[in-house]
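A.B. asks: Let's see this in three dimensions:
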Amino acid sequence: MNTYAVLPEVRRIGFHGLTGDNRFPEDFPFPAALSSVVEYFHDPAFPVIPHVNNGETILERCGNIEFLAASGMAFGLLWSPEFDGSCLDFTLVNRHDQTIRAAFEWAGYACEILPHDTAPDNTPEARQKILAAIDAGIPVLGFGCMGFPECSLICGYDRSGEVLIGWSYFQLDVSWAQEENGMFRDGDWEKSWLKIVIPGEKTERRDSFPAVVERALTVMLQPASGPFAAGIAAYDPWIAFLENPAVKHWPDPQLKERHELHHGLIGSLAEARWWAQRFLLKQSKHPEILAAAECFKTIHELCWQLWEVLGAQAGPDLYKELRDRNKRRQLAALLTRVKAADVEAANHLQNALQAR
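C.D. replies: Numbering: from 1, shown residues only. I've put the predicted structure just below:
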């Protein structure tokens, strides 16, 4: 049995600007990780398309766009009344396994999902399955690696699986040992792993565009997902947060933490809806689908306006601008327009299904 094995050609995943190449934003870990898997498999259904603009080449990974949409994530939104940053994880717009399976069904691959069980502990089983997959040339999706619940990409192992090797969106956030090519080395994964997903054999696509539209509507119209306000219903508590006069009196640490959630959620919403409209335009020319795509494009544009209200996209003291009542009113007004665009998009999607 091997004690060390790595699949070095699996493409890195990471936040925009931290992937080691020039690609369009892929700030949702799960669809990006699955995109790297099918790319490693040389699946022609999900090409990597280079776009050249003013001499600059930018990569568009079709898998990332399609898995984000097919899973329902591109159409989702979550808001935590407790300001829990987990609401930025759009895999939670459905039941977690449902999100995973929907993307794999669209991709046309079987998958095995193994959650961490502690009674009895199934870590030895997980280790065995990871080693067998890597030895067979199959990357594994891991949730909980390095202590982060979001998806990582397991591309190898050392010391017979005591150490996992791969890519994570958060590997730069902690001091972690690395391979020469930059992959993380996680020797504590057995303490933190939550779930592994092992890609299986290639099958026919087990999903359809109408089914994705139905899933999108479910995600958009459900009032809650787990502990979070969800879909269109998530806008009202977000707007209420901005209209709350107590914001002015919150201490800096509290205000900063809540601004970070607000700021990050704008970015997530902007990217999700941008790829949602790109997916719809690729899949159908039905007038109602085109109209929904236009609504999502409008949301993307409004999100940039939301960022601009406070004067900049980033800055150490940007959160303090939330104490400005007039700026919060501007944010609330813009967010109300975003909500209206999402409502209109949902209506167009419903009309498209009814017209079948």
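
A.B. asks: helix or strand for Glu201, which one?
C.D. replies: Using DSSP states H and E, Glu201 maps to strand 195-202.

A.B. asks: That strand pairs with which strands, and in what direction?
C.D. replies: strand 109-115 (antiparallel), strand 140-143 (antiparallel) (DSSP bridges).

A.B. asks: what's the closest non-adjacent residue to Ala224?
C.D. replies: Ala230 (5.2 Å; C-beta to C-beta, 6 or more residues apart in numbering). Just so you know, the C-beta spots here come from the backbone N, C-alpha and C atoms, and that holds for glycine as well.

A.B. asks: And that neighbour, how close does it get to Glu271?
C.D. replies: 18 Å (C-beta to C-beta, to the nearest Å).

A.B. asks: again with Ala293
C.D. replies: On the measure of C-beta to C-beta, Ala293 and Glu271 end up 15 Å apart.

A.B. asks: what do you get for Pro29?
C.D. replies: 12 Å.

A.B. asks: Any stretches of the stretch 101-250 of the chain with poor pLDDT?
C.D. replies: 174 (pLDDT under 70).

A.B. asks: where exactly do the helices run in it?
C.D. replies: Here the stretch 101-250 of the chain has its helices, by DSSP state H, counting those that start in this stretch, at 123-135, 189-192, 209-221, 235-243.

A.B. asks: Please say which of Pro29 and Glu271 ends up with more neighbours.
C.D. replies: When neighbours are counted by other C-beta atoms under 10 Å, Pro29 and Glu271 differ, and Pro29 comes out ahead with 26 against 21.

A.B. asks: I figured the more buried one was touching Tyr169, is that so?
C.D. replies: Yes - at 4.9 Å, Pro29 counts as touching Tyr169 under the criterion of C-beta atoms under 8 Å.

A.B. asks: for Ser152, what are its contacts?
C.D. replies: Taking C-beta atoms under 8 Å, 6 or more residues apart in numbering, we find Ser152 in contact with 29, 33, 141-143, 145-146, 166-169, 184.

A.B. asks: Please pull up the helix or strand immediately following the longest helix seen in the chain.
C.D. replies: Scanning the chain for the longest helix, with DSSP state H as the assignment, gives helix 252-283. As assigned by DSSP H and E, the chain's next helix or strand after helix 252-283 is helix 287-309.

A.B. asks: Average pLDDT for that next one, rounded please.
C.D. replies: Averaging pLDDT along helix 287-309 gives 97.

A.B. asks: so what does that helix touch, helix or strand wise?
C.D. replies: helix 252-283, helix 325-354 (3 or more C-beta pairs under 8 Å, 6 or more residues apart in numbering; DSSP states H and E).

A.B. asks: before we move on, back to that, so for Pro29 and Tyr169, which residues contact both of them?
C.D. replies: Common neighbours of Pro29 and Tyr169 (criterion: C-beta under 8 Å, 6+ apart): 13, 150, 152.

A.B. asks: Okay, the last one and Val93: tell me how far apart.
C.D. replies: Yep, that's Ser152 we're talking about. From Ser152 to Val93 the distance is 20 Å (C-beta to C-beta).

A.B. asks: Now do the buried residues in the strand holding Glu201.
C.D. replies: 195-199 (16 or more other C-beta atoms under 10 Å).

A.B. asks: Over to stretch 223-240?
C.D. replies: 225, 228-235, 238-239.

A.B. asks: And for stretch 207-218?
C.D. replies: 207, 209, 212-213, 215-218.

A.B. asks: As TSV, the helices of the stretch 101-250 of the chain with distance to His300 would be great.
C.D. replies: Output for the helices of the stretch 101-250 of the chain, formatted as TSV (distance: least, C-beta to C-beta, whole Å):
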stretch	distance to His300
helix 123-135	37
helix 189-192	35
helix 209-221	16
helix 235-243	16
